[in-house]
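Q: Let's see this in three dimensions:
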Amino acid sequence: MPQIYLCFLWHMHQPFYKDLITGEYKLPWTRLHALKDYYGMVRLLEEFPSVRQTFNLVPSMMVQVAEYAAGEARDPLLECAVKSAEGLTDGERDLILENFFLAHPQHMINRYTRYGELYDARRAQRDLSYARLAFATQEIRDLQVLSQIAWFDEEFLENDAEVRGLVEKGRNFNLDDQALMARKQREILGRVIPAYHQAANSGQIEISTTPYYHPILPLLCDSDVASIAHPGVTLPHKFRYPQDAQRQLEMAHKYIGTEFGVAPLGLWPSEGSVSDEAFRLAAQSGFQWAATDSGVLDRTLGRSSGIDGLYRPYKWSQDGREMRVIFRDHFLSDLIGFVYSRMNPREAAQDFLDRIRENCRGVMAKGRNALVPIILDGENAWEYFDRNGRPFLRELYRRIADDRLMAAVTVSEALARIDPEPIDHIFPGSWINANFDIWIGAEEDNQAWDYLLQARETYDRASDVPEDKKHLALEELLIAEGSDWCWWYGPEHESTNRPDFDRLFRSHLANVYRALGQVPPEELSRSILKVSVPEFHLDPTGLIQPLIDGEVTSYFEWLGAGIYRTDPRFGAMHGSQVLIHEIYYGTDGARFYMRLDFHSRPEEITAAIELRIRFQCVRALVCPPFKVYLEGGKARAALEEAEAVFHQVLEIGVPLHSIAVEPGEPLEFQLSVWQGGLPVAALPQEGWLKLITTKPSDGWT
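A: Reported below is the predicted structural model:
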């Protein structure tokens, strides 16, 4: 009987945050993700012996974890977390106040009552000079402890008596509590790499890898390849160093083989980025299979592959070299990464497997096994889930284990069971839109590539440099070739740490010159970043009473309304574009009004959309979501007393009494966007939008 072979590939990666000259870690993300994601994701599989998976371990991430585990990492933020609050310098206290709230507010911060209180206090005092006054020694120590515990894996939060004791205590921590937090943190970090050894030795997981410092291989081989996927794109001066691509591949292959005692067969090229030249180098380096995205498959075939084409392996052959290739199901992988965090774990797991079964029905009816590649980030998504995604993953794995027609297998196991289709070339592209636009083409990206080229050419010209210094300069170059720096350049992504990534990139390049005994170019002292467009929010300033006709009748119609404008950039993960550009909202004391302005023109919005508005009043009463449906260019409100009209904009009017709100009460609301029965966006990303439903006779106060 035909089978469904599910191939989960979890990509575990962080940039190289260590400055090789100073020896200091500039950002803490490798350590924090090691405390929960790197450890917890593989440990969870022990509960489901029949579920086999592939873990893609990036060497530059692993060497950082190993250094933390050995207690050799110089991490200023870790030092701030474990140092006595009484002994902190003013600078260290400032570092804590600036960096110890960088976690998901709903699932990581507000999970702990005291941490949520401190977060609110810090938000209320955004000016650092005032925040210093609000955080005395006890507040700082509570923050030191809770900001670290929030990143601990669920195994420790649920099963470790000492950690549970800290969680239950909740506040007013003392020096002994702080010392316990530090000891437990070192304990978890020390367990990460052994957990992968154990799972690999048991055969439950396969280890694949990525070029050592996570570069975009096709762009290292020849940056002009970007013009194939995007003709006419503005490109920097040509960067062509295939020898660097080869070196990054060989270093990764050797590192994983040495660490685990078995050479890796599989390769997830950084960002799923592929080209014929990259495949030739990968095959030459000893890799036997690679994975990329379904969009690349479509462009390789010159048509839509369909499910029948997607759910099978391929064999790339060229110039006597061969690579087996699988193509990730982009839609299903992104459901886990960006959508299921907003759903009940059972419903999400059921929806995921129902979609797989439906997709595979036609393939299996032909008597053929189906290979379903689910490939995504193994770390960043989980902070958006309840309890770090463990309830969802447990439900998903349990259902897979119980299904006789479905098996979760490693990639190599699946390739051994299904014959591949031949292809004689691969279209050059990445997992995002089957092109390289995220990393090259924008002004910031191109400037970064030009700086990299100048440093690389300087290295080539350098002479009379001691061998150890020449090696250090090359290492810094290889780090600067990583994809993560240009991820944050250009118009696509935003983060609190974006300036830090910019400084890190320029610092690595400056270190090339220093290692060669030269003065770094002056331009490396200046930021590459241009001004970004942040999320904008203006509270209501007066009563409004717009005409609900779907038109912007006049400027004054919504004057006094609150305005929420979405951030056009993505965060650390690259998800779907935000559909809504601006939200206007307000009240006349009897009705709640909302206006939505979309990024697309009304005639371009053809898919059926469901908008859900959740209201919460001062009595902490959360009403059932108020729903508005958009389809065929028209709007329909699910509530009979409400109005919804969509023409130029979408305008909505809802009587306050219909949502159980008394005039004069404060009101909070959230908006979510659903398509195909799945949540695809939530506004605002954090918290609620608020207004006062002033009584008509009172005027605005």
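Q: so where's the stretch 301-450 of the chain shaky on pLDDT?
A: Applying pLDDT under 70 to the stretch 301-450 of the chain flags no residue at all.
Q: And the top helix by length along the chain, what does it pack against?
A: Of all the elements of type helix in the chain, the one with the most residues (DSSP state H) is helix 175-202. With contacts defined as 3 or more Cβ pairs under 8 Å, 6 or more residues apart in numbering; DSSP states H and E, the packing partners of helix 175-202 are helix 39-43, strand 53-57, helix 59-69, helix 76-82, helix 137-149, helix 161-169, strand 205-209, helix 242-260. Placement of C-beta: from N, CA and C, glycine included.
Q: cutoff 6 Å now
A: In this structure, helix 175-202 makes packing contacts with helix 39-43, helix 59-69, helix 137-149, helix 161-169, judged by 3 or more Cβ pairs under 6 Å, 6 or more residues apart in numbering; DSSP states H and E.
Q: what's the average pLDDT for that helix?
A: For helix 175-202, the mean per-residue pLDDT is 97.
Q: possible to save the helices and strands packed on helix 175-202 as a markdown table with distance to Leu189?
A: Formatted as a markdown table, the helices and strands packed on helix 175-202 follow (distance: least, Cβ to Cβ, whole Å):
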| stretch | distance to Leu189 |
| --- | --- |
| helix 39-43 | 8 |
| helix 59-69 | 5 |
| helix 137-149 | 11 |
| helix 161-169 | 14 |
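Q: Relative to Ser554, which of those is closest?
A: Closest to Ser554 of those, according to Cβ to Cβ: helix 137-149, at 48.8 Å.
Q: still on that earlier bit, pull out the buried residues from the longest helix of the chain.
A: 177-178, 180-182, 184-185, 188-193, 195-196, 199-200 (16 or more other Cβ atoms under 10 Å).
Q: can you tell me which residues contact Tyr593?
A: By Cβ atoms under 6 Å, 6 or more residues apart in numbering, the contact set of Tyr593 is 544, 546, 586, 653.
Q: Swap in 8 Å and give it another go.
A: Taking Cβ atoms under 8 Å, 6 or more residues apart in numbering as the criterion, Tyr593 is in contact with 544-546, 548, 561, 584-587, 651-654.
Q: which non-adjacent residue is nearest His230?
A: Among residues not flanking His230 along the chain, Asn435 sits closest, at 5.0 Å (Cβ to Cβ, 6 or more residues apart in numbering).
Q: which element is that neighbour on?
A: Asn435 is located outside every helix and strand, with elements delineated by DSSP states H and E.
Q: any idea how far it lies from Ala638?
A: 40 Å (Cβ to Cβ, to the nearest Å).
Q: sorry, back to before: go through the helices and strands packed on helix 175-202 and name the closest to Asp354.
A: Proximity to Asp354 (Cβ to Cβ) singles out helix 39-43 among those, at 23.9 Å.
Q: So which elements touch the closest one?
A: helix 154-159, helix 175-202.
Q: Any regions of the stretch 1-150 of the chain where pLDDT drops low?
A: In the stretch 1-150 of the chain, no residues with pLDDT under 70.
Q: Run through the neighbouring helices and strands of the host helix or strand of Leu219.
A: Of the helices and strands defined by DSSP H and E, Leu219 is found in helix 217-221. Applying 3+ Cβ pairs under 8 Å, 6+ apart, one finds that helix 217-221 contacts helix 242-260, helix 276-284.
Q: quick one, which of Asn435 and Ala638 is more surrounded?
A: Each of Asn435 and Ala638 has its neighbours counted (other Cβ atoms under 10 Å); Asn435 has more, 23 against 15.
Q: and the more buried one, how far is that from Ala349?
A: Counting by Cβ to Cβ, the gap from Asn435 to Ala349 is 33 Å.
Q: ok, for Tyr241, nearest residue in space, not its chain neighbours?
A: Leu220 (5.6 Å).
Q: so how many other residues sit close to the one you found?
A: Neighbour tally, Leu220, other Cβ under 10 Å: 29.
Q: repeat for Ala278
A: Going by other Cβ under 10 Å, the residues that sit close to Ala278 add up to 31.
Q: which one is it nearest to, not counting chain neighbours?
A: Leu217 (3.9 Å).
Q: same check, this time on Ser208
A: Gly266 (3.3 Å).
Q: same thing with Arg74?
A: Nearest to Arg74 is Glu24, by Cβ to Cβ, 6+ apart, at 4.9 Å.
Q: unless I'm mixing things up, the one you found is touching Lys18, no?
A: Yes. Between Glu24 and Lys18 there is a contact at 7.1 Å, judged by Cβ atoms under 8 Å.
Q: Which neighbouring elements make contact with the helix or strand containing Asp445?
A: Per DSSP H and E, Asp445 falls inside helix 443-461. Here helix 443-461 touches helix 467-480, helix 484-488, helix 498-515, going by 3+ Cβ pairs under 8 Å, 6+ apart.
Q: what comes into contact with the last one?
A: This means helix 498-515. Contacts of helix 498-515 (Cβ under 8 Å, 6+ apart): 15, 17, 19-21, 26-27, 448, 451-452, 455, 458-459, 465, 469-470, 472-473, 476-477, 479-480, 484-485, 487-489, 495, 519-521, 524-525, 527-529, 532.
Q: what comes up buried for it?
A: 498, 501-515.
Q: Any idea which of those residues the model trusts least?
A: Ranked by pLDDT, the buried residues of helix 498-515 bottom out at Arg498 (88).
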